[in-house]
Structure formats: C-alpha cells, structure tokens
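S.K.: mind folding the following:
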Amino acid sequence: MDYSVGQVAGFAGVTVRTLHHYDGIGLLSPGGRSHAGHRRYDDGDLDRLQQILFYRELGFPLDEIAVLLDDPDADPQEHLRRQHRLLSGRIAELRKMAAAVETAMEARKMGINLTPEEKFEVFGGKDPEEHAQEAERRWGGTATYAESQRRVARYTKDDWKRMQAEVADWGAAYNALMAAGEPATGERAMDLAEAHRLHITKWFYECTPEIHRGLGEMYVSDPQFRAYYESMRPGLAEHLRDAIDANAERRA
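M.R.: Numbering: from 1, shown residues only. I've put the predicted structure just below:
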C-alpha cells in the first residue's frame, strides 16, 4: 500500500514542504511515483520518516541523521536500542526540568510558597512572613541573607514541617532545662545553645559562634524575636543569650 505526500504529511504532522525538502536532499526519497509523477510513499518510507523525526526531536542535524540511517552495517534493532537509550536520557532530563519547575513554584518570597491552610498546618498561629520581613530589613543584601534565600527557595512543605518539629523538640528540651533550674553557663544549656547554632547552619546559613552571639543579643533586644522566645517560656530569651555566650567562650 502506498500513500500520497499529503497523506504522509497528515500522518506525521509535518508539512508537504518538509517532505519535499527531505526528498531533495536525499534523506527520504519516496519509493514510488504515480503515473502523473507524484510522490508515493510505502510502509518502508514511513518507517524511515519515523526515525528521521525521532532524531530531529532529539536535536540531531539532518546530515548526521542521514549518516545514521544509511550506515550499511547498521542493524535495525540497534537503531531501536539507540533510540531507546536516547529517549531514556531525554526522559531523565525532562524529569529534572520538571523537578526544577516544581521547586520554582515552591520558591516565593522567603521560599515559603504555602497555601494559607498549609501555613497554619506548618507554623500554627505564627506568621513566618513577619520574621522574613524583619530578616530582610536587617540583613537584606548580605551574603548570609543571600545564602539563606537560596536554601529556603528549595524547601517544600514537608521540609518546613521537619524544621518546625526540630524547633519544637529543642524548645521542649530548653523548657525542661530551665524548669530544672539549670544555669545558662551549665553544660546542658551550652549543649542546647550549640544545637541551636547547628540548626541555623543546617537550614539557613553558616552560623559561626560570633554570628550566633549577635543573634543572642538580638533575641533579647528586638521585641519581635524576644516575644517569640518568651512564648516558649518566660525568661528564655535572656537565658538563651547567656547560654550562647557561654558556648561561644567554650568553643573559643
């Protein structure tokens, strides 16, 4: 059975002009002609066109496709295996691109691209954007702030929930420490101060002991941050600041 150039163009989703061009350069010459001299394509021609279009989709230039298809030693099965390998690679690339798009969709403002419902699920009644705005006011334009922005832009809702779980566990441990009357200069307090510093390094930016000391002072002097730590336990902001100082001295 054979087909006209118009029929083949319709099957393959290409233009008649494209088929004429392929014929003109010898890439796809139809197997027959009608009595009137019009091109007629058979099943073998359609198989070849399918392979041409596959390689074109992968970005191969026409001259390289001709070499691949006209290799006298080429095995039809090898063509299929090559196409499978190339297609598998393309799929892997597209999956990476899809993952990048998903990440981009989640990266908004401070990277917290959550619905209002998700924000309440992750953060409860605390609005993370308030701390984000304060952080931008204080440190916007610094390398540390840029690193924090870069990291949080990749975080998903599950990442934020894991982070909040770590904060909750740390807060419970510090609350228990203060309830037991342990001093800020004690080993347990310094260990929790160190855990606090490592938490910042893990999730946001490299928090050196000196940077951590500056944060400790801010937790006491800034009303917003003070209120956050005092909501865990009255007196915690000052206790943590002193523990951070003691831990920095211990590490010096």
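S.K.: just for the stretch 51-200 of the chain, where's the confidence low?
M.R.: Applying pLDDT under 70 to the stretch 51-200 of the chain flags residues 74, 76, 97-142, 145.
S.K.: confirm residue 151 sits in a helix?
M.R.: Yes: applying DSSP: H, G, I helix; E, B strand; the rest coil, one finds residue 151 inside a helix.
S.K.: look up phi and psi at the spatially closest residue to it that is not a sequence neighbour.
M.R.: In space, residue 151 comes closest to residue 204 once its chain neighbours are excluded; the distance is 6.2 Å by C-beta to C-beta, 6 or more residues apart in numbering. To be clear about C-beta, it is placed using only N, CA and C from the backbone, and glycine gets the same treatment. Note on residue 204: backbone dihedrals following degrees, to the nearest 10 are phi -130, psi -60.
S.K.: contacting residues around stretch 243-252?
M.R.: Contact partners of stretch 243-252, identified using C-beta atoms under 8 Å, 6 or more residues apart in numbering, comprise 184-185, 189-194, 196-197, 209-210, 212-213, 215-216.
S.K.: please state the mean pLDDT value computed over it.
M.R.: Regarding stretch 243-252, the rounded mean pLDDT is 94.
S.K.: now it: buried residues?
M.R.: Along stretch 243-252, these residues count as buried under the neighbour rule (16 or more other C-beta atoms under 10 Å): 243, 244, 245, 246, 247, 248.
S.K.: and if you look at stretch 199-212?
M.R.: Within stretch 199-212, the residues that count as buried by 16+ other C-beta under 10 Å are 203, 204, 205, 207, 209, 211, 212.
S.K.: how long is it end to end?
M.R.: Distance across stretch 199-212, first residue to last, is 11 Å (C-alpha to C-alpha, to the nearest Å).
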